[in-house]
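Trainee: kindly return the folded structure for what I paste below:
(one chain, ligands or ions: 2)
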Amino acid sequence: MGSLEAASGAAGNGGGVADQALALEIGAGINGQQHKAAAAVVARAPVLANGGAGGKATKKKISPKDRYWVAADEGEMEAATADGGEDGLRPLLYRNFRVRGILLHPYRLLSLVRLVAIVLFFVWRVRHPYADGMWLWWISMVGDLWFGVTWLLNQVAKLNPIKRVPNLALLKQQFDLPDGNSNLPLLDVFINTVDPINEPMIYTMNSILSILAADYPVDKHACYLSDDGGSIIHYDGLLETAKFAALWVPFCRKHSIEPRAPESYFSVKTRPYTGNAPEEFVNDHRHMSREYDEFKGHLDALFTVIPQRSDKYNHADAKEGAKATWMADGKQWPGTWIDPAENHKKGQHDGIVQVMLKHPSYEPELGLPASANNPLDFSAVDVRLPMLVYISREKHPNYDHQKKAGAMNVQLRVSALLTNAPFIINFDGDHYVNNSKAFRAGICFMLDRRDGDNTAFVQFPQRFDDVDPTDRYCNHNRVFFDATLLGLNGIQGPSYVGTGCMFRRVSLYGVDPPRWRPDDAMIVDSSNKFGSSLSFISSMQPAANQSRSIMSLLALEESVMAELADVMKCAYEDGTEWGKEVGWVYNIATEDVVTGFRLHRNGWRSMYCRMEPDAFAGTAPINLTERLYQILRWSGGSLEMFFSRNCPLLAGRRLHPMQRIAYANMTAYPVSSVFLVFYLLFPVIWIFRGQFYIQKPFPTYVLYLVIVIGLTELIGMVEIKWAGLTLLDWIRNEQFYIVGATAVYPTAVLHIVLKLFGLKGVSFKLTAKQVASSTSEKFAELYAVQWAPMLIPTMVVIAVNVCAIGASIGKAIIGGWSLLQMADAGLGLLFNAWILLLIYPFALGIMGRWSKRPYVLFIMFVLAFIVIAMLDIAIQAMRSGFVRFHFRRSGGASFPTSWGL
Ligand SMILES: O=c1ccn([C@@H]2O[C@H](COP(=O)(O)OP(=O)(O)O[C@H]3O[C@H](CO)[C@@H](O)[C@H](O)[C@H]3O)[C@@H](O)[C@H]2O)c(=O)[nH]1
Ligand SMILES: [Mn+2]
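Mentor: Ligands and ions are numbered 1, 2, ... in the order given. Below is the predicted model:
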């Protein structure tokens, strides 16, 4: 995801839109048979209940997150009704909202005022080139200029935030048929995993269960698990999951339960019942809970069952040589073996594709009534399951496998041959469907008649379950997901953040959007762009045709299997455009931003969709070091993109100018750290000498800084209002920006400099999500410290600022300062203290378990101040003799900042 998280240096958050629920409620009274005009009425009702014609909706309490939003598409709605209303096929399936003038105008005005202020500040500085060290003055001028420009880039992309709310009721009414069938388009769901240990399998299997149980026509969606480890644990785990799904999915349908990932479902204690069989619920629930525990037991057991089983077969098969790993059906596992062997080890094995659940029939199939060995009554529930496929692509040491991007491109080809849905949604292995209506929400945007056809992807926010209550390391990224992305939504659309994103299949094939495509342009050209599979190539045209709504029941004959094997081969992509013009983009640490960028560059747009309850949820690394590695990957990838042929500044005219600005900001932002670290380390001068001014006259300089920083905070406060954030969300964002800028971004900059000189850059690692499962303690991971060189720069910044405070106290005690000097010194102290406040979460982080008692940190700080003050006094006394010390001149020189510019 989001190389951009930190690009949003200022504030924002938000969240959900209670609108979803409202949209549902408004539509509830209208059944499928009613006339289309009714649909128009539904669509016209203000979905965000702000009084007026909303019927039921007016009674609903307005959530604080919606308070400052107002409908922005009345005109479109009227036009749609005027030209004959909604023509059944192309209704208006979502509503647009903009920020109310009462916040929007001050927001824009304050931004303008700040712009004027920083320009004046610059002019003033240029006219007063006076400082105690001109070289420092020059560095700070360049730094300030950089901060000024990046602030502007960041701010302009947020000046027109747009929220869009899908109208699920209308979608249902228009596309679901009375006979229980549906006209909704096909949807292929991709999910990725690599490693059953680092990405605990229970997450992935929960995610798959939530996908299989999603509220989408069962014969219209298929789930593809890509296992990059080729491990039999995943394969057998998937078999268990398919078995368990036969119970779980009908249970979800029967009782309309949410969320449909069992682990999350069972961890919620109370929830209102919304299903149709309340009298059976308690028993069914109890039974399912037992079944789920058993299922988890089976998954855990795989780690012992498989080796035992293999031993048995190996014994029977007592040939000399490697110890094979065996499948339950008595065949050798074609993927990696537990005892690695030639052609059966990580990075070297055959491709595997297995249809675990076949495509279901088109007619609903009711289940069985309750019986002795089946206590759940499914006689009124459709028990069909969507298609489920296991994929592990071929791996060979001679190839760079391009990590996740490579895996997804294989999924793209395999699914094209099997189901070829016009829409695709992708998930990381640790992200599950939290709102079973989410797939439908995405489809609303794709089918809308306004910009639907030109929409390449619909991005949902990343939400996380496992984050500590105060979100110490800003894992939620609220400012990014609830302010920045709404801003982009008002331009060409949000960037792609890697997971929870619905794509239009053909856009990934490098096809132009209809807006830029001459009518009937062939999407397939004859070159070797797509590789040699004829079946794949002939699947492309049908995929472009979204009205195709029947998934063919494929007979998996030998010939099909052979073709599948072919498109999974490493060599398939040789000499093709895969990873360049086609599919997910290669050779970059963050495939997501650049893949989304390429789509925007081709003229496609994207849509941002937040729902209530959240569409999807996942797990985040809550250990400081893992978190830092994660943002290292994002920031490194961003810079790689900026200094590549995918640089936003080089894109053609199809990229919206504002979108270009936003991309420039979200790829170049780590450079700021170079100046920031300079400012944060500047107080070091204070330790060694007294008065030192970076800019004179100092009081005017400070005044400008106060204005400029104050305005940032003010803008932030307006932003948290419209974005629906809390103050804490915003502070966390500021804090983690500084932590990232000291600990991580310098490394990212180093990485890119090395790369530009043709040397090997920093290597990026998979984010481990393993919770310290041996302990039952909540958030145990939060207190684990893992040492890494990245921690050092931030620790140095802390040390410098602590010492500066101590030294200034020492100097104040013996310095014989004037009032003015005291005031200057006070400002300096304020700056040091502010830095410490921003880096506070980091300081807690490196304290490990001690951080459970944050007061320990304060005691340590105070002790450090005292010790250093005494040291400083002692040193001064030694240097100047006891007689002369009160002549010493000192001043408040440790206030160099303007990083907030
Ligand atoms: O060789 C690989 C490596 C990773 N993955 C999968 O890629 C996903 C993301 O990897 P992870 O290490 O979890 O990265 P995160 O930092 O958690 O991911 C964020 O950042 C990535 C970009 O760096 C995006 O791709 C992700 O969607 C986004 O959630 C996981 O499902 C992995 O299983 C593979 O399939 N094959
Ligand atoms: Mn992840």
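Trainee: CA atoms for contacts and neighbours, from now on please.
Mentor: Will do.
Trainee: so which bits of the protein are right by ligand 1?
Mentor: 1, 192-194, 228, 403-404, 407, 428-429, 497-499, 590, 592, 630, 633-634, 766-767 (CA under 6 Å from any ligand atom).
Trainee: from those, list the buried ones, please.
Mentor: Neighbour counting by 16 or more other CA atoms under 10 Å classes 1, 192-194, 228, 403-404, 407, 428-429, 497-499, 590, 592, 630, 633-634, 767 among the residues of the chain next to ligand 1 as buried.
Trainee: which of the residues of the chain next to ligand 1 fall in helices?
Mentor: Using DSSP state H, the members of these that fall in helices are Lys403, Lys404, Ala407, Asp592, Gln630, Arg633, Trp634.
Trainee: can you put these in CSV and add distance to Met327 and pLDDT?
Mentor: Output for those, formatted as CSV (distance: CA to CA, whole Å; pLDDT from 0 to 100):
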residue, distance to Met327, pLDDT
Lys403, 26, 95
Lys404, 26, 96
Ala407, 23, 98
Asp592, 35, 96
Gln630, 36, 92
Arg633, 37, 93
Trp634, 38, 94
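Trainee: where does pLDDT dip in the stretch 501-650 of the chain?
Mentor: For the stretch 501-650 of the chain, the stretches with pLDDT under 70 are 519-526, 546-555.
Trainee: could you pull out the strands for it?
Mentor: 501-504, 605-608, 616-617 (DSSP state E, counting those that start in this stretch).
Trainee: for the stretch 651-800 of the chain, what spans make up the helices?
Mentor: 657-668, 672-681, 684-688, 698-723, 727-743, 745-756, 791-815 (DSSP state H, counting those that start in this stretch).
Trainee: residue in the stretch 101-250 of the chain nearest to ligand 1?
Mentor: Using CA to the nearest ligand atom, the point where the stretch 101-250 of the chain gets nearest to ligand 1 is Thr193, with a distance of 3.2 Å.
Trainee: quickly list what that residue is bridged to.
Mentor: Thr193 has the following beta-bridge partners by DSSP bridges: Asp227.
Trainee: now do the contacts for it.
Mentor: Each residue near Thr193 by CA atoms under 8 Å, 6 or more residues apart in numbering is listed here: Glu199, Thr204, Leu225, Ser226, Asp227, Asp228, Gly229, Asp428, Gly429.
Trainee: which among those residues gets closest to Leu299?
Mentor: Proximity of the contacts of Thr193 to Leu299 (CA to CA) peaks at Thr204, which lies at 11.5 Å.
Trainee: tell me the contacts of the closest one?
Mentor: With contact set as CA under 8 Å, 6+ apart, Thr204 has these partners: Thr193, Gly429, Asp430, His431.
Trainee: again, only using 6 Å
Mentor: Counting by CA atoms under 6 Å, 6 or more residues apart in numbering, Thr204 touches Gly429, Asp430.
Trainee: likewise for Val458?
Mentor: Cys501, Met502, Ser606, Met607, Tyr608.
Trainee: most surrounded residue in the residues you listed?
Mentor: When neighbours are taken as other CA atoms under 10 Å, the top entry among those is Met607 (31 neighbours).
Trainee: so which helix or strand takes in Met870?
Mentor: According to DSSP states H and E, Met870 maps onto helix 855-884.
Trainee: just checking, what packs against that helix?
Mentor: helix 791-815 (3 or more CA pairs under 6 Å, 6 or more residues apart in numbering; DSSP states H and E).
Trainee: other residues contacting the helix it packs on?
Mentor: By CA under 6 Å, 6+ apart, helix 791-815 touches Leu681, Val684, Ile687, Thr742, Ala743, Asn832, Phe865, Ile868, Ala869, Asp872, Ile873, His886.
Trainee: what's the first helix or strand after it?
Mentor: helix 819-846.
Trainee: about what we covered before: tell me the one of the contacts of Thr193 nearest Cys647?
Mentor: Nearest to Cys647 among the contacts of Thr193 is Asp428, at 26.1 Å by CA to CA.
Trainee: quick one, what contacts that closest one?
Mentor: By CA under 6 Å, 6+ apart, the residues touching Asp428 are Ile191, Asn192, Thr499.
Trainee: next: Lys395.
Mentor: By CA under 6 Å, 6+ apart, Lys395 lies in contact with Gly347, Gln348, His349.
Trainee: highest neighbour count among those residues?
Mentor: Among the contacts of Lys395, His349 has the most neighbours (other CA under 10 Å), with 23 neighbours.
Trainee: check the nearest residue to that one once chain neighbours are set aside and give its pLDDT.
Mentor: Spatial nearest neighbour of His349, chain neighbours left out: Asn343 (4.7 Å); criterion: CA to CA, 6 or more residues apart in numbering. Per-residue pLDDT puts Asn343 at 94.
Trainee: report the separation between Asn343 and ligand 1.
Mentor: For Asn343, the distance to ligand 1 equals 18 Å [CA to the nearest ligand atom, to the nearest Å].
Trainee: could you do Asn801 as well?
Mentor: To ligand 1, Asn801 is 31 Å away according to CA to the nearest ligand atom.
Trainee: what residues are up against Ile352?
Mentor: By CA under 6 Å, 6+ apart, the residues touching Ile352 are Ile391, Ser392.
Trainee: ah, wrong one, I meant Phe457
Mentor: Phe457 sits next to Met502, Phe503, Ser606 when contact means CA under 6 Å, 6+ apart.
Trainee: mind checking the SS state of it?
Mentor: Recorded secondary structure, Phe457: strand (DSSP: H, G, I helix; E, B strand; the rest coil).
Trainee: the nearest residue to it once chain neighbours are set aside: how many residues sit nearby?
Mentor: Distances taken as CA to CA, 6+ apart place Phe503 nearest to Phe457, at 4.3 Å, with adjacent residues excluded. Using other CA under 10 Å, Phe503 has 25 other residues around it.
Trainee: and Phe503, bridged to which residues?
Mentor: Beta-bridge partners for Phe503, by DSSP bridges, are Ile424, Phe457.
Trainee: what is the least confident helix or strand in the chain?
Mentor: helix 19-27 (a mean of 31; mean pLDDT, DSSP states H and E).
Trainee: please tell me the pLDDT value assigned to Lys765.
Mentor: 69.
Trainee: over to Ile352?
Mentor: For Ile352, the model assigns a pLDDT of 97.
Trainee: repeat for Asp215
Mentor: At Asp215, pLDDT is 97.
Trainee: name the nearest residue to it, ignoring sequence neighbours.
Mentor: That would be Ser436: by CA to CA, 6+ apart, it lies 5.2 Å from Asp215.
Trainee: am I right that the one you found is in a strand?
Mentor: No: Ser436 is assigned coil when assessed by three-state DSSP, not a strand.
Trainee: right, and it touches Pro217 too?
Mentor: No: in this structure, Ser436 is not within contact of Pro217 by CA atoms under 6 Å, at 11.7 Å.
Trainee: tell me which of the two has more neighbours.
Mentor: Legend: neighbour count by other CA under 10 Å for Ser436 and Pro217, higher for Ser436 (26 against 20).
Trainee: so how far is ligand 1 from the more buried one?
Mentor: From Ser436 over to ligand 1 (counting by CA to the nearest ligand atom), the distance is 20 Å.
Trainee: cool, and Thr484?
Mentor: Going from Thr484 to ligand 1 by CA to the nearest ligand atom gives 17 Å.
Trainee: how about Trp604?
Mentor: Trp604 is 20 Å from ligand 1, by CA to the nearest ligand atom.
Trainee: before we move on, what about His298?
Mentor: Going from His298 to ligand 1 by CA to the nearest ligand atom gives 22 Å.
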